[in-house]
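Asker: Predicted structure and sequence below. I'll ask about it afterward.
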Amino acid sequence: WQAGKALFLDRDGVLNRRVIDGYITEEAELELIDVALDAARLAQSRGLQIVIVTNQGAIGRELLQEWQLLRIHATLIEQLEGQGIQIAALYACPHHPLAVKSSLRTCVCRKPAPGLLLQAQKDLAISMSHSLMIGDQPSDQMAAVAAGISDAQTLTVTEGDAPHAVEAWVATTLDGLSSN
């Protein structure tokens, strides 16, 4: 038995365009960006599961209902499948320090806490030492490292990064892992 490997991807700013000073609250606002799509296809072809881990504090702030987020995520998964990318799982943290309800202000899942990644590790039998993380915020990298992914196996991107460079990073990093 061998634990699986995963490419963890943040959502906003990695898979879809980030809404500046706001939240995506309906499917029509979801716009895929190509910065990590080639990298995800490559990782998938090399046997990695593709897992989305995303903070969605709009739920806790009551700017979005859970059913709306589920529809947005269903649309995202459908769009990614249209790009040849199969999503093994998607984990979203609804908490936010400014949540309306005090019970939604603190948690173990909001990045930089590692809870989303650790839940995926448990659910999907993932070996963190053989997994990668691509995010667009320092909190993504911090969550990955806290979950057991080496700092060298994390990449912080911006929407303007060249997709081929991100794909090359995935290839080089996976080659380094397989030679160990």
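Answerer: Received it, and whenever you're ready, just let me know what you need.
Asker: and for stretch 22-36, what are the contacting residues?
Answerer: By C-beta atoms under 8 Å, 6 or more residues apart in numbering, the list of residues contacting stretch 22-36 from outside reads 9, 12-17, 19, 56-58, 63-64, 68, 71-72, 75-76, 79-80, 83, 134, 157-161, 163, 166. The C-beta positions use only the backbone N, C-alpha and C, and glycine is treated the same way.
Asker: So which residues of this structure form helices?
Answerer: Here the chain has its helices, by DSSP state H, at 37-45, 66-82, 115-124, 138-146, 163-178.
Asker: would you turn these into JSON lines with mean neighbour count and mean pLDDT?
Answerer: Conversion of the helices of the chain to JSON lines gives the following (neighbours: other C-beta atoms under 10 Å; pLDDT from 0 to 100):
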{"stretch": "helix 37-45", "mean neighbour count": "20", "mean pLDDT": "97"}
{"stretch": "helix 66-82", "mean neighbour count": "15", "mean pLDDT": "97"}
{"stretch": "helix 115-124", "mean neighbour count": "19", "mean pLDDT": "98"}
{"stretch": "helix 138-146", "mean neighbour count": "20", "mean pLDDT": "98"}
{"stretch": "helix 163-178", "mean neighbour count": "15", "mean pLDDT": "95"}
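Asker: and the ones you listed as JSON lines, adding distance to residue 23?
Answerer: Converted to JSON lines, those look like this (distance: least, C-beta to C-beta, whole Å):
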{"stretch": "helix 37-45", "distance to residue 23": "22"}
{"stretch": "helix 66-82", "distance to residue 23": "9"}
{"stretch": "helix 115-124", "distance to residue 23": "18"}
{"stretch": "helix 138-146", "distance to residue 23": "16"}
{"stretch": "helix 163-178", "distance to residue 23": "25"}
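Asker: Would you tell me which of the ones you listed gets closest to residue 91?
Answerer: Nearest to residue 91 among these is helix 115-124 (4.2 Å), distances taken as C-beta to C-beta.
Asker: Out of the helices of the chain, which is closest to residue 93?
Answerer: Closest of the helices of the chain to residue 93 is helix 115-124, at 6.0 Å (criterion: C-beta to C-beta).
Asker: Show me what the closest one packs onto, helices and strands only.
Answerer: strand 6-9, strand 49-55, strand 87-93, helix 138-146 (3 or more C-beta pairs under 8 Å, 6 or more residues apart in numbering; DSSP states H and E).
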